Structure formats: structure tokens, C-alpha cells
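# here are the coordinates; sequence isn't available:
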């Protein structure tokens, strides 16, 4: 297992990769459910990377609200307030199997915007050597 800093940086690099994928989908004609999925993954990996930096265990969950609580417990000055993580959480699993869910571009843009808010909050407190 790599050291904590390298492990955290790995999470953040994967988060950036998911963000890139979500943006590429938005540039085209979809599929926008895929952009929503990658937006969720972006947020999840930024939160898990942050937990890694704080030397906290990484739970096996896709629930962004739970991950946010753990992050803020580890470091109360992390500002995730006002980010609607509940809106992103269903894009991990539930909606991926909902054959009625076909979001439009605006819905996907909103999901990516939320992921970017998480990214901004995390990178505001991450040391430069851990940044992707």
C-alpha cells in the first residue's frame, strides 16, 4: 500500500478522471445519465481522498452525505455546507438501474456543477503535494 499522501493523491486523480469524463459527455449529445454517474463518482472520490489524507478509514459506501459527515468530523473547517449532496447520491447505483431515468443536459450540468463544488471545497484544504 502506498503512503497516505500517494494514496490520497490517487483518489484525487481518479476523481479528476471522472470529472473529465462527465464534461466530455456534456460536450456531446449524451448519454446524460452517464454524466450524472461520473459527477457522483467525482464527488465520492474527492471525499474519500480527503478522508485518506486525514488518516480515516474509507467506508464502503456511495452515500455522499455519510462521507461528508465523516469528512467534517475529521476536519470541522472543511466547508461542504450548502452543497446538495443528497441530489448526487442516487446517481451512484439506484438511478443507473432505473430504466425510466433519462436526464436531460440541464440535469447533467447541475450534477457536474455539484461535483465541482465538492472539488473546490476539498482542494481548498488539501496540501499542494496531494493535488492532482
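That came through, no problem. Keep in mind the model is a prediction, meaning the values are calculated, not measured.

# just checking, what's the longest helix in the chain?
helix 4-27 (DSSP state H).

# so how far is that one from its chain's centroid?
On the basis of CA atoms, centre = their mean, to the nearest Å, helix 4-27 sits 9 Å off its chain's mean C-alpha point.

# do stretch 27-47 as well
Offset of stretch 27-47 from its chain centre (CA atoms, centre = their mean): 9 Å.

# Then stretch 76-83?
For stretch 76-83, the distance to the chain centre is 14 Å (CA atoms, centre = their mean).

# ok, residues contacting that stretch?
50, 68, 71-72, 114, 117-118, 121-122, 124-125 (CB atoms under 8 Å, 6 or more residues apart in numbering). In short, each C-beta sits where N, CA and C put it, glycine included.

# Go ahead and build a ChimeraX selection from the buried members of those residues.
Selection of buried members from those for ChimeraX, criterion 16 or more other CB atoms under 10 Å:
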select :50,68,71,114,117,118,121,122
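
# Might you report the residue contacts of the residue lying closest to residue 104 once chain neighbours are set aside?
Distances taken as CB to CB, 6 or more residues apart in numbering place residue 32 nearest to residue 104, at 6.2 Å, with adjacent residues excluded. By CB under 8 Å, 6+ apart, the contact set of residue 32 is 25-26, 102-105, 107-108.

# Since that was my last question, I'll sign off now.
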